[in-house]
Structures are given as structure tokens and as C-alpha cells.
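Asks: no FASTA, just this:
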Ligand SMILES: Nc1nc2c(ncn2[C@@H]2O[C@H](COP(=O)(O)OP(=O)(O)OP(=O)(O)O)[C@@H](O)[C@H]2O)c(=O)[nH]1
Ligand SMILES: [Mg+2]
């Protein structure tokens, strides 16, 4: 596909078929969800159908994934982005990121997904990447209740770098394949309570089996996309947008768009 942008001809690969979102994705549980509607906002739908507005607005959102070490942040991202699962633990050093391209309601859109280190000694590096997030995903291990207790602290730290009300917050319990359904039910009840306190949407997933992983990221993409479109359409002040300096700039129109970038791994301060 060829596109004219800034007077230059670009070639952009079509979005892969399994990243096309046409129907508004559903929540995991109505007890802790950010929105209960099951359709695109009318203004967004109209804007998506209007070819003149297709090329304006946010084309990429920053997503930051935080949580204790070993809870499964990297596995969650890898299951979605690469459809793989690694049983062996390799701690994230500093940060990494992946770019995922979608097509939502006919409009191209990308998520820049930042995977941060949970280890205390890398926190000071990771926290410098929290700024400008449109989505914050706080991950905990369903099989280790202490990691749920720590999610409040993770949220506080992530919000220190972002304006209140400027981010969608998700609370995600991983490793549900390790729990019996009774155990899972008990922990989910506590997690729903925590999510409500945080004004977050709760999801329960397994990166090992892939259960709910795709559904979860589709939901993230849809809410982030709709939020961006609405802010653009309403002409909100720049403070509620992702600042230009907060995203790594990637020319989405070039033929050889990098699939993922690994940020230089730094030793800690
Ligand atoms: N059974 C099971 N194991 C999982 C799941 N997700 C992750 N794990 C395992 O949990 C361990 C930690 O996973 P990671 O994704 O590396 O954890 P992390 O949160 O990225 O850890 P840091 O990078 O140190 O912050 C690994 O051994 C994974 O194989 C899951 O859904 N089910
Ligand atoms: Mg990791």
C-alpha cells in the first residue's frame, strides 16, 4: 500500500489479519471494568468512517507494564506479541519495548508496549520510562497473593509520572493455569476489590495457555484508541495527550518498520 505523507511516498505493510478489531472488545468482568458499552463511541465511529479524519489524531499509544519481579510481565507481552511462552525465568534488566500494529474500525493504530523490570535494583531505570503513558498495566501473580498487595504501590509509582485521569489502568492477574477454579475464584474476588479501589479494569490470564491474553490486549488497544480519538476530536489540551517526546518516534509509513526495539540495557544507579 502506498501513502503520501509530508510530500513523500511511503510503503506500509498491511496490518496482519489477526490484529484487525472491528467489534468493540468486551470486558473480563462487569464487577471491575472501565466501560460497559459494547460499541464504538458514535463520534469515533463517524470519524473512522470519514476519510478526511483518518489521517489525523494519535496513531500510537504508550503502554507501560509494571509489577513485582517474576509475576509474568515479559511472558504476558511475549505471548501476545510473539505467541511464545518461556518456562525459564530471565529477569528483565531495565526496560524493553514492543510495537504492535492494529487496525481498529478501519483505522491503523499501534501500541508501544513497555516491559519494565520488577527487581528493586532496576526500578530507578524503569521508572524513568513511566512518563506519558496512556495505559498502565499492573501485573500480579494469581498464585502469590503478596504480589496483589504490592500493586497499590506500583500504581502510586506509575502515577507519580503521569497526570491523574490521563491513563487507563488495568490490573492483570497471571498464571491462572496454576490455580484450581476455587482458588482462582477466591483470588479474583480480592483482585476485583483492589481493581475497584484503583479504578482499574481487572483481567485474569495465563500466558502459558494463552487464555484471555489476546482478548485482554484487544481491549487495551480499543480503549486506548477510542480515548485518543475522543481527545483529538474534542481538542483537549496538550497536557492530556501523550507528549511528542514521550514516544519513541517511528515512521509508520516506511516499508521496513522495526517490529520491536530493545532499549539499551543499563546498569542501575
Ligand atoms: N505457569 C505459568 N507460569 C508463568 C506464567 N507467566 C509467567 N510464568 C513464569 O513465571 C516466571 C517469571 O515470568 P517473567 O515473565 O519473566 O516475569 P517478569 O514479571 O517479567 O519478571 P521481571 O522481568 O524480573 O520483572 C517464568 O519462569 C515464567 O515461565 C503463566 O501464565 N503460567
Ligand atoms: Mg520481565
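Replies: Yep, that arrived. No experiment lies behind these values; they were computed from the predicted model shown. Ligands and ions are numbered 1, 2, ... in the order given.
Asks: what about the biggest helix by length in the chain, average pLDDT?
Replies: Secondary structure of the chain per DSSP state H: the longest helix is helix 213-234. Mean pLDDT, helix 213-234: 93.
Asks: show the pLDDT at the most centrally placed residue in the chain.
Replies: In the chain, the centroid-proximal residue (C-alpha atoms, centre = their mean) is residue 63; its distance is 4.1 Å. Looking at residue 63, its pLDDT reads 98.
Asks: by proximity to ligand 1, which residue of the stretch 101-250 of the chain wins?
Replies: Using C-beta to the nearest ligand atom, the single residue of the stretch 101-250 of the chain nearest to ligand 1 is residue 118, 2.9 Å away. For the C-beta atoms, the positions are set from N, CA and C on the backbone; glycine is no exception.
Asks: buried stuff in stretch 193-211?
Replies: The neighbour-count criterion (16 or more other C-beta atoms under 10 Å) identifies 194-195, 198, 200-208 as the buried residues of stretch 193-211.
Asks: correction: stretch 82-97
Replies: 85, 92-97.
Asks: ends of that stretch, what's the gap?
Replies: Length of stretch 82-97, first residue to last, C-alpha to C-alpha, to the nearest Å: 13 Å.
Asks: repeat that for stretch 126-134.
Replies: Across stretch 126-134, the terminal residues are separated by 16 Å (C-alpha to C-alpha).
Asks: just stretch 98-110 next, same as before
Replies: End-to-end distance of stretch 98-110: 10 Å, with C-alpha to C-alpha as the criterion.
Asks: coming back round to it: in the sheet, which strands lie alongside the helix or strand hosting the residue nearest to the centre of the chain, parallel or antiparallel?
Replies: In this assignment (DSSP states H and E), residue 63 forms part of strand 60-66. Applying DSSP bridges, strand 60-66 is found paired with strand 107-116 (parallel), strand 135-141 (parallel).
Asks: for residue 68, which of those strands is the nearest?
Replies: Closest approach to residue 68 among the strands paired with strand 60-66 is made by strand 135-141 (6.9 Å; C-beta to C-beta).
Asks: picking up where we left off before, beta partners of the closest residue to the residue nearest to the centre of the chain other than its chain neighbours?
Replies: Counting by C-beta to C-beta, 6 or more residues apart in numbering, the nearest residue to residue 63 once its immediate chain neighbours are dropped is residue 135, at 4.2 Å. Beta bridges link residue 135 to residue 63, residue 168, judged by DSSP bridges.
Asks: coming back round to it: would TSV of the buried residues of stretch 82-97 with pLDDT and distance to residue 42 be doable?
Replies: Output for the buried residues of stretch 82-97, formatted as TSV (pLDDT from 0 to 100; distance: C-beta to C-beta, whole Å):
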residue	pLDDT	distance to residue 42
85	98	40
92	96	41
93	94	45
94	91	42
95	95	38
96	95	38
97	94	33
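Asks: contacts with ligand 1 among those, please.
Replies: Filtering the buried residues of stretch 82-97 for proximity to ligand 1 by C-beta under 6 Å from any ligand atom leaves residue 92.
Asks: need the buried residues of stretch 82-97 in CSV with secondary structure, can you?
Replies: Listed next are the buried residues of stretch 82-97 as CSV, based on DSSP: H, G, I helix; E, B strand; the rest coil:
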residue, secondary structure
85, coil
92, coil
93, coil
94, coil
95, strand
96, strand
97, strand
